[in-house]
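Novice: just to be clear, the model below is a prediction. Sequence and coordinates:
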Amino acid sequence: MIRKRRSRSGKSVHFNARLPRTVAEQLRRYAERRRISASAAAVELLDEALRSASFPGIDFRWTALGRQPFVSGTGLTVWELFHVWLDHRRDVKYVLRHYPHLKAAQVSAAAAYAQSYRREEPEGYWGTKPPFARTVRV
């Protein structure tokens, strides 16, 4: 049974699901550690799982800013690699020339994810540019 209802973050729907007891217990413990409701924890985890499935090569990790999307196999957040890609004229081959440890799939995954969720980039993540700083192109 699905019922529409309004929430603070926008429209939501009521959704019932049967969970194995062990999964429900893990979810409850996760929610307690985070000091959120089990429902909020389920939404958070399900959203991340669906994003990871839609963008293979993207996973989520804890940072000082909270949960952030990372490029799997690297220590880079999606936003860091996205800005590298932007600085390299949105050219994957050009990025790989300067970052040979990366793979084309990693760069492409970061670019695709960041373009889809651009509004979620942490505000002020890159700091401010000093007025005397010059732009240097690689």
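Specialist: Arrived safely.
Novice: any stretches of the protein with poor pLDDT?
Specialist: Scanning the chain for pLDDT under 70 picks out the ranges 1-10, 125-131, 133, 136-138.
Novice: quick check: which element contains the nearest residue to residue 36 once chain neighbours are set aside?
Specialist: Once flanking residues are discounted, residue 36 sits nearest to residue 44: 7.7 Å by C-beta to C-beta, 6 or more residues apart in numbering. For every residue, glycine as well, the C-beta is placed using N, CA and C. Assigned by DSSP states H and E, residue 44 belongs to helix 38-54.
Novice: domains of this structure?
Specialist: Residue ranges for the domains of the chain, per automatic domain parsing: 15-54, 55-125+133-138.
Novice: turn these into JSON lines, columns for mean neighbour count.
Specialist: Compiled in JSON lines, the domains of the chain are given as follows (neighbours: other C-beta atoms under 10 Å):
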{"stretch": "domain 15-54", "mean neighbour count": "12"}
{"stretch": "domain 55-125+133-138", "mean neighbour count": "15"}
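Novice: got a list of contacts for the helix or strand where residue 25 lies?
Specialist: Taking DSSP H and E as the criterion, residue 25 maps to helix 21-34. The contact list for helix 21-34, computed with C-beta atoms under 8 Å, 6 or more residues apart in numbering, reads 19, 37-38, 40-42, 45.
Novice: let's go with 10 Å and repeat that
Specialist: Helix 21-34 has contacts (C-beta atoms under 10 Å, 6 or more residues apart in numbering) with 17-20, 36-42, 44-45.
Novice: from these, pick the one nearest residue 63.
Specialist: Closest approach to residue 63 among the contacts of helix 21-34 (C-beta to C-beta): residue 44, at 15.0 Å.
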